[in-house]
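[1] got a predicted structure plus its sequence, pasted below:
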Amino acid sequence: MNCLFRTILFSGLISAFSLGQISPTQVGAANQQPPNVVVIFIDDMGYADIGPFGAKAYPTPHLDRMAREGRKFTDFYVTQAVCSASRAGLLTGCYNVRVGIFGALGPGARHGINADEMTLAEVCKQKNYATAIYGKWHLGHHKQFLPMQHGFDDYFGLPYSNDMWPYHPGVLHLPMEQRLKRWPHLPLIDKNQIINAQVSGKDQEQLTTQYTERAVSFIEKNKERPFFVYVPHSMVHVPLYVSDKFKGKSGAGLFGDVMMEVDWSVGRILDTLRKNKLDKNTLVIFTSDNGPWLSYGEHAGSAAPLREGKGTMFDGGCRESTLMWWPGTVPAGSVCKTPAMTIDILPTVAELIDAKPPAHKIDGKSIVNLVKGTSDKSPHEAYYFYYGKQLQAIRSGKWKLHFPHAYRTMAGRPGGKDGIPTDYSQAKIGLSLFNLEKDIGETTDVKDRYPKVLAKLQQLGQAMREELGGQGQKGSGQREPGRLAKR
(Lines give C-alpha, C1' and ligand atoms only; values in the text may rest on other atoms or scores of the structure.)
Protein backbone atom coordinates (compact mmCIF):
# COMPACT_ATOMS: atom_id res chain seq x y z
CA MET A 1 0.00 0.00 0.00
CA ASN A 2 1.72 3.21 -1.12
CA CYS A 3 1.84 6.43 0.92
CA LEU A 4 -0.69 8.36 -1.22
CA PHE A 5 -3.25 5.57 -0.91
CA ARG A 6 -2.66 5.34 2.86
CA THR A 7 -3.27 9.12 3.16
CA ILE A 8 -6.47 9.02 1.10
CA LEU A 9 -7.76 5.98 3.02
CA PHE A 10 -6.94 7.50 6.41
CA SER A 11 -8.53 10.86 5.49
CA GLY A 12 -11.65 9.10 4.25
CA LEU A 13 -11.96 7.09 7.45
CA ILE A 14 -11.53 10.20 9.62
CA SER A 15 -14.20 12.09 7.62
CA ALA A 16 -16.63 9.18 7.83
CA PHE A 17 -15.97 8.80 11.55
CA SER A 18 -16.56 12.55 12.22
CA LEU A 19 -19.86 12.41 10.32
CA GLY A 20 -20.98 9.39 12.32
CA GLN A 21 -21.06 7.16 9.24
CA ILE A 22 -18.81 4.48 10.75
CA SER A 23 -17.97 3.44 14.29
CA PRO A 24 -14.53 3.12 15.93
CA THR A 25 -15.01 -0.68 15.83
CA GLN A 26 -15.50 -0.57 12.06
CA VAL A 27 -12.33 1.52 11.68
CA GLY A 28 -10.35 -1.16 13.53
CA ALA A 29 -11.88 -3.91 11.41
CA ALA A 30 -11.01 -2.03 8.22
CA ASN A 31 -7.35 -1.89 9.24
CA GLN A 32 -7.14 -5.52 10.37
CA GLN A 33 -5.55 -7.90 7.89
CA PRO A 34 -6.16 -11.66 8.05
CA PRO A 35 -3.17 -13.65 9.31
CA ASN A 36 -0.31 -14.65 7.05
CA VAL A 37 0.54 -18.36 6.93
CA VAL A 38 3.97 -19.99 6.57
CA VAL A 39 4.34 -23.78 6.38
CA ILE A 40 7.88 -25.19 6.61
CA PHE A 41 7.89 -28.87 5.66
CA ILE A 42 11.13 -30.83 6.15
CA ASP A 43 11.79 -34.05 4.21
CA ASP A 44 12.54 -37.31 6.10
CA MET A 45 13.24 -35.59 9.43
CA GLY A 46 13.06 -37.80 12.53
CA TYR A 47 11.04 -37.05 15.64
CA ALA A 48 14.21 -36.45 17.69
CA ASP A 49 16.10 -34.40 15.09
CA ILE A 50 15.53 -30.93 16.57
CA GLY A 51 16.44 -29.54 19.97
CA PRO A 52 12.88 -29.14 21.30
CA PHE A 53 12.32 -32.87 20.75
CA GLY A 54 15.63 -34.19 22.02
CA ALA A 55 18.47 -33.50 19.55
CA LYS A 56 21.75 -32.89 21.39
CA ALA A 57 24.52 -33.71 18.90
CA TYR A 58 24.18 -30.35 17.10
CA PRO A 59 22.52 -27.02 17.95
CA THR A 60 19.14 -25.82 16.60
CA PRO A 61 18.88 -22.42 18.32
CA HIS A 62 16.22 -20.93 16.05
CA LEU A 63 13.90 -23.90 16.46
CA ASP A 64 14.59 -23.86 20.20
CA ARG A 65 13.47 -20.22 20.26
CA MET A 66 10.46 -21.02 18.10
CA ALA A 67 9.41 -23.60 20.71
CA ARG A 68 9.96 -21.15 23.58
CA GLU A 69 7.89 -18.51 21.83
CA GLY A 70 5.33 -20.97 20.44
CA ARG A 71 3.72 -24.34 20.95
CA LYS A 72 5.03 -27.90 20.69
CA PHE A 73 2.70 -30.53 19.25
CA THR A 74 3.94 -33.85 20.59
CA ASP A 75 1.35 -36.07 18.88
CA PHE A 76 1.14 -34.60 15.38
CA TYR A 77 0.83 -36.95 12.40
CA VAL A 78 1.04 -37.13 8.62
CA THR A 79 -1.37 -39.17 6.51
CA GLN A 80 1.22 -41.61 5.20
CA ALA A 81 4.93 -42.07 5.81
CA VAL A 82 6.07 -41.45 2.25
CA CYS A 83 6.67 -38.31 0.20
CA SER A 84 3.84 -37.72 -2.29
CA ALA A 85 1.14 -39.29 -0.14
CA SER A 86 2.12 -37.10 2.80
CA ARG A 87 2.10 -33.89 0.72
CA ALA A 88 -1.30 -34.74 -0.74
CA GLY A 89 -2.74 -34.90 2.77
CA LEU A 90 -1.23 -31.57 3.79
CA LEU A 91 -2.33 -29.61 0.72
CA THR A 92 -5.85 -31.06 0.24
CA GLY A 93 -7.00 -31.66 3.83
CA CYS A 94 -7.77 -35.27 2.82
CA TYR A 95 -6.34 -38.67 3.53
CA ASN A 96 -4.20 -39.31 0.50
CA VAL A 97 -6.16 -42.47 -0.30
CA ARG A 98 -9.23 -40.28 -0.84
CA VAL A 99 -7.49 -38.21 -3.54
CA GLY A 100 -5.69 -41.12 -5.22
CA ILE A 101 -2.07 -40.16 -4.47
CA PHE A 102 0.13 -42.98 -3.20
CA GLY A 103 3.82 -43.53 -2.58
CA ALA A 104 6.46 -41.28 -4.13
CA LEU A 105 5.72 -40.16 -7.69
CA GLY A 106 8.79 -40.54 -9.88
CA PRO A 107 9.82 -39.04 -13.23
CA GLY A 108 7.89 -41.76 -15.05
CA ALA A 109 4.57 -40.95 -13.38
CA ARG A 110 1.74 -39.83 -15.66
CA HIS A 111 -0.59 -38.72 -12.88
CA GLY A 112 -0.67 -36.14 -10.13
CA ILE A 113 -2.98 -33.93 -8.11
CA ASN A 114 -6.43 -33.57 -9.66
CA ALA A 115 -7.49 -30.08 -10.75
CA ASP A 116 -10.81 -30.67 -8.97
CA GLU A 117 -9.10 -30.82 -5.57
CA MET A 118 -8.88 -27.53 -3.69
CA THR A 119 -5.39 -26.92 -2.32
CA LEU A 120 -4.42 -24.90 0.72
CA ALA A 121 -3.17 -22.21 -1.68
CA GLU A 122 -6.54 -22.08 -3.42
CA VAL A 123 -8.27 -21.67 -0.05
CA CYS A 124 -6.05 -18.66 0.59
CA LYS A 125 -6.67 -17.21 -2.89
CA GLN A 126 -10.33 -16.74 -1.90
CA LYS A 127 -9.11 -13.92 0.34
CA ASN A 128 -6.70 -12.48 -2.24
CA TYR A 129 -3.58 -13.91 -0.60
CA ALA A 130 -0.24 -13.88 -2.38
CA THR A 131 0.84 -17.53 -2.53
CA ALA A 132 4.16 -19.23 -3.20
CA ILE A 133 6.04 -22.51 -2.84
CA TYR A 134 9.81 -22.79 -2.66
CA GLY A 135 11.03 -26.37 -2.47
CA LYS A 136 10.01 -29.91 -3.36
CA TRP A 137 6.53 -30.30 -4.89
CA HIS A 138 6.13 -34.05 -5.56
CA LEU A 139 2.47 -34.09 -6.63
CA GLY A 140 3.14 -34.57 -10.34
CA HIS A 141 5.89 -33.10 -12.53
CA HIS A 142 3.95 -32.48 -15.76
CA LYS A 143 2.75 -28.90 -16.25
CA GLN A 144 -0.92 -29.57 -15.47
CA PHE A 145 0.08 -30.87 -12.02
CA LEU A 146 2.65 -28.19 -11.08
CA PRO A 147 1.95 -25.59 -8.35
CA MET A 148 1.18 -22.66 -10.67
CA GLN A 149 -1.90 -24.57 -11.86
CA HIS A 150 -3.06 -25.25 -8.30
CA GLY A 151 -3.29 -21.87 -6.62
CA PHE A 152 0.33 -20.77 -6.29
CA ASP A 153 1.53 -17.46 -7.74
CA ASP A 154 5.19 -18.49 -7.68
CA TYR A 155 7.20 -21.71 -7.61
CA PHE A 156 10.89 -22.53 -7.47
CA GLY A 157 12.19 -25.99 -6.69
CA LEU A 158 12.46 -29.67 -7.56
CA PRO A 159 9.40 -31.49 -8.91
CA TYR A 160 10.18 -34.64 -6.92
CA SER A 161 12.77 -36.14 -4.53
CA ASN A 162 16.42 -35.16 -4.88
CA ASP A 163 17.53 -38.82 -5.17
CA MET A 164 15.49 -39.41 -8.31
CA TRP A 165 18.43 -38.83 -10.60
CA PRO A 166 21.22 -40.86 -12.29
CA TYR A 167 23.42 -40.60 -9.17
CA HIS A 168 21.05 -42.67 -7.04
CA PRO A 169 23.02 -45.27 -4.99
CA GLY A 170 21.08 -48.08 -6.65
CA VAL A 171 22.45 -47.28 -10.12
CA LEU A 172 25.95 -45.94 -9.44
CA HIS A 173 27.52 -49.20 -10.58
CA LEU A 174 26.00 -48.84 -14.07
CA PRO A 175 27.29 -46.87 -17.06
CA MET A 176 25.56 -43.49 -17.39
CA GLU A 177 23.65 -44.59 -20.48
CA GLN A 178 21.98 -47.36 -18.48
CA ARG A 179 21.43 -45.16 -15.42
CA LEU A 180 19.48 -42.66 -17.48
CA LYS A 181 17.03 -45.36 -18.56
CA ARG A 182 15.92 -45.66 -14.94
CA TRP A 183 16.50 -42.15 -13.58
CA PRO A 184 16.68 -39.21 -15.98
CA HIS A 185 18.50 -36.03 -15.02
CA LEU A 186 16.94 -34.05 -12.17
CA PRO A 187 15.35 -30.72 -13.25
CA LEU A 188 15.08 -27.45 -11.32
CA ILE A 189 11.90 -25.50 -12.11
CA ASP A 190 11.09 -21.80 -11.85
CA LYS A 191 7.34 -21.17 -12.20
CA ASN A 192 6.48 -23.56 -15.09
CA GLN A 193 9.88 -23.56 -16.79
CA ILE A 194 12.85 -25.88 -16.35
CA ILE A 195 15.80 -23.57 -15.69
CA ASN A 196 18.38 -26.28 -15.02
CA ALA A 197 17.82 -29.60 -16.79
CA GLN A 198 20.70 -31.41 -15.10
CA VAL A 199 20.95 -30.56 -11.40
CA SER A 200 24.36 -31.49 -10.02
CA GLY A 201 25.63 -32.15 -6.52
CA LYS A 202 27.04 -28.61 -6.41
CA ASP A 203 23.61 -27.30 -7.36
CA GLN A 204 22.01 -29.31 -4.55
CA GLU A 205 24.37 -27.71 -2.04
CA GLN A 206 22.62 -24.40 -2.70
CA LEU A 207 18.99 -25.58 -2.53
CA THR A 208 18.33 -24.88 1.16
CA THR A 209 19.78 -21.38 0.79
CA GLN A 210 17.91 -20.70 -2.45
CA TYR A 211 14.55 -21.83 -1.08
CA THR A 212 15.09 -19.70 2.01
CA GLU A 213 16.12 -16.55 0.19
CA ARG A 214 13.22 -16.88 -2.24
CA ALA A 215 10.83 -17.19 0.72
CA VAL A 216 12.38 -14.17 2.44
CA SER A 217 12.13 -12.11 -0.76
CA PHE A 218 8.50 -13.16 -1.20
CA ILE A 219 7.65 -12.06 2.35
CA GLU A 220 9.39 -8.71 1.85
CA LYS A 221 7.59 -8.14 -1.46
CA ASN A 222 4.15 -8.99 -0.05
CA LYS A 223 4.40 -7.54 3.46
CA GLU A 224 1.55 -5.10 2.76
CA ARG A 225 -0.95 -7.83 1.86
CA PRO A 226 -1.83 -11.26 3.31
CA PHE A 227 0.36 -14.11 2.08
CA PHE A 228 0.79 -17.88 2.26
CA VAL A 229 4.25 -19.29 1.67
CA TYR A 230 4.99 -23.03 1.66
CA VAL A 231 8.64 -24.08 2.09
CA PRO A 232 8.97 -27.87 1.58
CA HIS A 233 12.73 -28.36 1.86
CA SER A 234 14.50 -31.04 -0.17
CA MET A 235 16.65 -31.80 2.88
CA VAL A 236 17.15 -33.93 4.94
CA HIS A 237 16.19 -36.48 2.29
CA VAL A 238 19.24 -38.35 1.01
CA PRO A 239 21.50 -37.57 -0.75
CA LEU A 240 22.50 -34.97 1.83
CA TYR A 241 23.94 -31.68 0.64
CA VAL A 242 24.88 -28.56 2.56
CA SER A 243 26.29 -25.16 1.61
CA ASP A 244 29.86 -24.14 2.42
CA LYS A 245 28.67 -21.97 5.31
CA PHE A 246 27.66 -25.09 7.28
CA LYS A 247 30.09 -27.76 6.05
CA GLY A 248 31.78 -29.34 9.05
CA LYS A 249 30.21 -26.83 11.40
CA SER A 250 28.13 -29.20 13.55
CA GLY A 251 30.85 -31.62 14.62
CA ALA A 252 28.18 -34.28 14.17
CA GLY A 253 28.81 -35.30 10.59
CA LEU A 254 27.03 -34.31 7.41
CA PHE A 255 23.56 -34.93 8.84
CA GLY A 256 24.24 -32.52 11.70
CA ASP A 257 25.54 -29.90 9.26
CA VAL A 258 22.38 -30.20 7.14
CA MET A 259 20.12 -29.91 10.19
CA MET A 260 21.98 -26.78 11.27
CA GLU A 261 21.29 -25.25 7.86
CA VAL A 262 17.61 -26.16 8.15
CA ASP A 263 17.57 -24.40 11.52
CA TRP A 264 19.30 -21.38 9.94
CA SER A 265 16.57 -21.30 7.29
CA VAL A 266 13.86 -21.17 9.95
CA GLY A 267 15.75 -18.38 11.68
CA ARG A 268 15.97 -16.32 8.47
CA ILE A 269 12.23 -16.61 7.91
CA LEU A 270 11.28 -15.77 11.50
CA ASP A 271 13.72 -12.86 11.62
CA THR A 272 12.23 -11.47 8.40
CA LEU A 273 8.76 -11.60 9.95
CA ARG A 274 10.01 -9.85 13.11
CA LYS A 275 11.92 -7.19 11.16
CA ASN A 276 8.82 -6.30 9.15
CA LYS A 277 6.57 -6.38 12.24
CA LEU A 278 4.59 -9.26 10.75
CA ASP A 279 5.22 -11.70 13.59
CA LYS A 280 2.07 -10.80 15.54
CA ASN A 281 -0.03 -11.55 12.46
CA THR A 282 1.64 -14.67 11.05
CA LEU A 283 1.08 -18.33 11.85
CA VAL A 284 4.23 -20.38 11.19
CA ILE A 285 4.00 -24.19 11.17
CA PHE A 286 7.14 -26.34 11.20
CA THR A 287 6.86 -30.09 10.66
CA SER A 288 8.06 -32.98 8.46
CA ASP A 289 6.60 -35.20 5.74
CA ASN A 290 7.56 -38.47 7.46
CA GLY A 291 10.13 -40.01 9.76
CA PRO A 292 13.78 -40.91 9.10
CA TRP A 293 14.94 -43.23 6.32
CA LEU A 294 16.64 -45.60 8.74
CA SER A 295 18.42 -47.79 6.18
CA TYR A 296 20.73 -44.85 5.44
CA GLY A 297 22.18 -44.99 8.95
CA GLU A 298 24.49 -42.07 9.65
CA HIS A 299 22.79 -40.04 6.89
CA ALA A 300 19.40 -40.52 8.54
CA GLY A 301 17.98 -38.97 11.68
CA SER A 302 16.41 -40.49 14.76
CA ALA A 303 12.78 -41.20 15.62
CA ALA A 304 13.54 -41.93 19.28
CA PRO A 305 11.67 -42.87 21.40
CA LEU A 306 9.21 -43.93 18.69
CA ARG A 307 9.13 -47.25 16.87
CA GLU A 308 10.52 -47.69 13.33
CA GLY A 309 10.77 -44.91 10.70
CA LYS A 310 9.85 -43.82 7.20
CA GLY A 311 7.87 -46.34 5.20
CA THR A 312 5.96 -47.70 8.20
CA MET A 313 2.85 -46.54 10.05
CA PHE A 314 4.36 -47.06 13.46
CA ASP A 315 4.74 -43.68 15.10
CA GLY A 316 8.39 -43.41 14.07
CA GLY A 317 7.21 -43.19 10.49
CA CYS A 318 4.21 -40.90 10.75
CA ARG A 319 4.41 -38.92 14.03
CA GLU A 320 6.32 -35.69 13.46
CA SER A 321 8.01 -33.17 15.73
CA THR A 322 5.87 -30.09 15.13
CA LEU A 323 6.05 -26.46 16.22
CA MET A 324 3.51 -23.66 15.75
CA TRP A 325 4.41 -20.00 16.29
CA TRP A 326 2.26 -16.89 16.30
CA PRO A 327 3.35 -14.45 19.02
CA GLY A 328 0.43 -13.09 20.99
CA THR A 329 -1.97 -15.76 19.68
CA VAL A 330 -0.24 -19.12 20.11
CA PRO A 331 0.65 -19.42 23.83
CA ALA A 332 4.41 -19.19 24.34
CA GLY A 333 6.26 -22.17 25.79
CA SER A 334 3.16 -24.37 25.67
CA VAL A 335 2.72 -28.03 24.74
CA CYS A 336 -0.21 -29.73 22.99
CA LYS A 337 -0.46 -33.48 23.59
CA THR A 338 -3.79 -33.90 21.79
CA PRO A 339 -3.42 -35.90 18.55
CA ALA A 340 -3.66 -33.83 15.36
CA MET A 341 -2.69 -34.31 11.70
CA THR A 342 -1.65 -32.39 8.60
CA ILE A 343 -5.14 -32.91 7.14
CA ASP A 344 -6.33 -30.44 9.79
CA ILE A 345 -4.17 -27.55 8.57
CA LEU A 346 -6.35 -26.64 5.56
CA PRO A 347 -9.63 -26.34 7.50
CA THR A 348 -7.81 -24.57 10.34
CA VAL A 349 -6.41 -21.94 7.96
CA ALA A 350 -9.83 -21.61 6.30
CA GLU A 351 -11.37 -20.77 9.68
CA LEU A 352 -8.58 -18.37 10.64
CA ILE A 353 -8.88 -16.33 7.42
CA ASP A 354 -12.67 -16.70 7.10
CA ALA A 355 -12.45 -18.60 3.80
CA LYS A 356 -14.73 -21.37 2.61
CA PRO A 357 -13.41 -24.94 2.83
CA PRO A 358 -13.80 -27.17 -0.24
CA ALA A 359 -17.35 -28.05 -1.24
CA HIS A 360 -16.40 -31.71 -1.67
CA LYS A 361 -15.72 -33.95 1.31
CA ILE A 362 -12.43 -33.57 3.14
CA ASP A 363 -11.15 -35.47 6.17
CA GLY A 364 -9.49 -32.71 8.17
CA LYS A 365 -11.21 -30.59 10.80
CA SER A 366 -10.31 -27.21 12.25
CA ILE A 367 -7.98 -27.34 15.25
CA VAL A 368 -7.98 -23.61 15.95
CA ASN A 369 -8.60 -24.44 19.62
CA LEU A 370 -5.42 -26.53 19.73
CA VAL A 371 -3.38 -23.92 17.89
CA LYS A 372 -4.52 -21.13 20.23
CA GLY A 373 -4.49 -23.34 23.33
CA THR A 374 -8.08 -22.49 24.26
CA SER A 375 -8.94 -26.17 24.85
CA ASP A 376 -7.35 -29.59 24.34
CA LYS A 377 -10.44 -31.24 22.84
CA SER A 378 -9.91 -33.05 19.52
CA PRO A 379 -12.54 -32.60 16.79
CA HIS A 380 -11.84 -36.19 15.64
CA GLU A 381 -13.02 -39.46 17.08
CA ALA A 382 -10.03 -41.14 15.47
CA TYR A 383 -7.25 -40.82 12.89
CA TYR A 384 -6.66 -43.53 10.28
CA PHE A 385 -3.31 -44.74 9.04
CA TYR A 386 -3.06 -46.29 5.60
CA TYR A 387 0.09 -47.52 3.94
CA GLY A 388 -0.47 -47.93 0.26
CA LYS A 389 -4.12 -48.94 0.04
CA GLN A 390 -4.12 -50.95 3.27
CA LEU A 391 -5.59 -49.61 6.50
CA GLN A 392 -2.85 -50.51 8.95
CA ALA A 393 -3.68 -48.62 12.13
CA ILE A 394 -6.08 -46.29 13.97
CA ARG A 395 -5.39 -43.79 16.74
CA SER A 396 -8.18 -42.68 19.06
CA GLY A 397 -7.14 -40.69 22.13
CA LYS A 398 -4.35 -42.58 23.85
CA TRP A 399 -5.09 -45.81 21.99
CA LYS A 400 -3.50 -47.05 18.79
CA LEU A 401 -4.67 -50.24 17.13
CA HIS A 402 -2.61 -51.98 14.46
CA PHE A 403 -4.35 -54.36 12.10
CA PRO A 404 -2.27 -57.33 10.90
CA HIS A 405 0.25 -56.21 8.30
CA ALA A 406 3.79 -56.65 7.06
CA TYR A 407 6.37 -53.88 7.46
CA ARG A 408 10.03 -53.19 6.84
CA THR A 409 12.48 -52.90 9.72
CA MET A 410 16.16 -52.58 10.51
CA ALA A 411 15.47 -55.00 13.39
CA GLY A 412 17.92 -53.19 15.63
CA ARG A 413 20.75 -53.25 13.08
CA PRO A 414 22.63 -50.06 12.16
CA GLY A 415 21.95 -48.48 8.78
CA GLY A 416 24.44 -47.65 6.07
CA LYS A 417 27.36 -45.26 5.84
CA ASP A 418 28.45 -42.51 3.45
CA GLY A 419 25.04 -42.27 1.81
CA ILE A 420 24.82 -45.96 0.85
CA PRO A 421 21.86 -47.77 2.45
CA THR A 422 21.70 -51.25 3.91
CA ASP A 423 18.81 -53.65 3.33
CA TYR A 424 15.70 -53.80 5.45
CA SER A 425 14.31 -57.01 6.91
CA GLN A 426 10.62 -57.86 6.58
CA ALA A 427 8.47 -58.42 9.65
CA LYS A 428 4.79 -58.83 10.51
CA ILE A 429 2.58 -57.55 13.28
CA GLY A 430 -0.69 -59.15 14.29
CA LEU A 431 -3.75 -57.38 15.67
CA SER A 432 -2.20 -55.26 18.42
CA LEU A 433 -3.45 -52.52 20.76
CA PHE A 434 -1.09 -50.02 22.37
CA ASN A 435 -1.60 -47.41 25.08
CA LEU A 436 0.60 -44.58 23.78
CA GLU A 437 0.43 -42.63 27.04
CA LYS A 438 2.22 -45.46 28.84
CA ASP A 439 3.96 -47.09 25.88
CA ILE A 440 5.16 -44.50 23.38
CA GLY A 441 7.34 -47.10 21.66
CA GLU A 442 4.42 -49.38 20.74
CA THR A 443 6.01 -52.38 22.42
CA THR A 444 3.31 -54.01 24.59
CA ASP A 445 0.08 -55.36 23.14
CA VAL A 446 -2.78 -54.84 25.61
CA LYS A 447 -5.79 -55.88 23.47
CA ASP A 448 -6.69 -58.75 25.82
CA ARG A 449 -7.01 -56.32 28.74
CA TYR A 450 -9.26 -53.84 26.90
CA PRO A 451 -11.78 -55.80 24.80
CA LYS A 452 -14.26 -52.91 24.61
CA VAL A 453 -11.59 -50.54 23.26
CA LEU A 454 -10.53 -53.19 20.76
CA ALA A 455 -14.09 -53.78 19.57
CA LYS A 456 -14.75 -50.05 19.17
CA LEU A 457 -11.61 -49.45 17.11
CA GLN A 458 -12.28 -52.49 14.95
CA GLN A 459 -15.75 -51.10 14.26
CA LEU A 460 -14.28 -47.73 13.28
CA GLY A 461 -11.78 -49.48 11.03
CA GLN A 462 -14.48 -51.36 9.16
CA ALA A 463 -16.47 -48.15 8.63
CA MET A 464 -13.39 -46.46 7.20
CA ARG A 465 -12.71 -49.37 4.84
CA GLU A 466 -16.19 -48.92 3.45
CA GLU A 467 -15.41 -45.22 2.93
CA LEU A 468 -11.79 -45.32 1.70
CA GLY A 469 -11.10 -48.97 1.02
CA GLY A 470 -8.53 -51.37 2.41
CA GLN A 471 -7.94 -55.08 2.92
CA GLY A 472 -9.37 -55.83 -0.51
CA GLN A 473 -12.36 -53.49 -0.24
CA LYS A 474 -13.08 -50.64 -2.66
CA GLY A 475 -14.07 -47.46 -0.84
CA SER A 476 -17.16 -45.47 -1.81
CA GLY A 477 -15.46 -42.14 -1.09
CA GLN A 478 -12.30 -42.50 -3.15
CA ARG A 479 -11.57 -39.97 -5.91
CA GLU A 480 -9.30 -40.22 -8.92
CA PRO A 481 -6.01 -38.33 -9.24
CA GLY A 482 -5.37 -36.13 -12.24
CA ARG A 483 -4.06 -38.02 -15.27
CA LEU A 484 -2.30 -37.14 -18.49
CA ALA A 485 -4.21 -37.78 -21.66
CA LYS A 486 -3.41 -41.18 -23.12
CA ARG A 487 -0.72 -41.18 -25.76
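    Okay, I see it.

[2] run the chain-centre distance for stretch 408-424.
    25 Å (CA atoms, centre = their mean, to the nearest Å).

[3] and if you look at stretch 394-402?
    Averaging C-alpha positions (CA atoms, centre = their mean) puts stretch 394-402 22 Å from its chain's average.

[4] residues in contact with that stretch?
    77, 313-315, 339, 378, 381-385, 392-393, 429, 431-437, 442, 447, 450, 453-454, 456-458, 460-461, 464 (CB atoms under 8 Å, 6 or more residues apart in numbering). (Each C-beta comes from the backbone N, C-alpha and C, glycine too.)

[5] can I get the buried part of these as one PyMOL selection?
    Buried residues among the contacts of stretch 394-402 (16 or more other CB atoms under 10 Å), as a PyMOL selection:
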select buried, resi 77+313+314+315+339+378+382+383+384+385+392+393+429+432+433+434+435+436+442+447+453+454+456+457+458+460+461+464
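
[6] can you tell me which of the contacts of stretch 394-402 are in helices?
    When DSSP state H is applied, the contacts of stretch 394-402 are split such that 315, 453-454, 456-458, 460-461, 464 fall in helices.

[7] what's the closest of the residues you listed to M118?
    M464 (22.2 Å; CB to CB).

[8] I'd guessed the closest one sits against L391; true?
    Yes - under the criterion of CB atoms under 8 Å, M464 makes contact with L391 at 6.2 Å.

[9] now the common contact residues for the two.
    Going by CB under 8 Å, 6+ apart, residues that sit against M464 and also against L391 are 384, 470.

[10] quick one, helices of the stretch 301-450 of the chain?
    Along the stretch 301-450 of the chain, counting by DSSP state H, counting those that start in this stretch, helices occupy 315-318, 345-353, 368-372.

[11] I'd like the ones you listed as a markdown table, with distance to G46 and mean pLDDT appended.
    A markdown table is the format used below for the helices of the stretch 301-450 of the chain (distance: least, CB to CB, whole Å; pLDDT from 0 to 100):
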| stretch | distance to G46 | mean pLDDT |
| --- | --- | --- |
| helix 315-318 | 8 | 98 |
| helix 345-353 | 21 | 98 |
| helix 368-372 | 23 | 98 |
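
[12] possible to save those helices as JSON lines with distance to L270?
    What follows is these, written out as JSON lines (distance: least, CB to CB, whole Å):
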{"stretch": "helix 315-318", "distance to L270": "27"}
{"stretch": "helix 345-353", "distance to L270": "19"}
{"stretch": "helix 368-372", "distance to L270": "17"}
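
[13] can you check the pLDDT for K486?
    For K486, the model assigns a pLDDT of 81.

[14] ok, now Q204?
    98.

[15] hang on, it packs against V238?
    No - assessed by CB under 8 Å, Q204 is found out of contact with V238, at 10.9 Å.

[16] quick one, which of these two is more surrounded?
    Ranked by neighbour count (other CB atoms under 10 Å), Q204 and V238 place V238 first, with 25 against 22.

[17] could you point out which element follows the lowest-mean-pLDDT helix or strand in the chain?
    The least trusted helix or strand in the chain, going by mean pLDDT, DSSP states H and E, turns out to be helix 24-31, with a mean of 42. Using DSSP states H and E, the helix or strand that directly follows helix 24-31 along the chain is strand 36-42.

[18] counting by contacts, list what the helix or strand following that following strand packs against.
    Moving toward the C-terminus from strand 36-42, the first helix or strand encountered (DSSP H and E) is helix 61-69. Packed against helix 61-69 by the contact rule (3 or more CB pairs under 8 Å, 6 or more residues apart in numbering; DSSP states H and E) you find helix 253-275, strand 282-288, strand 319-325.
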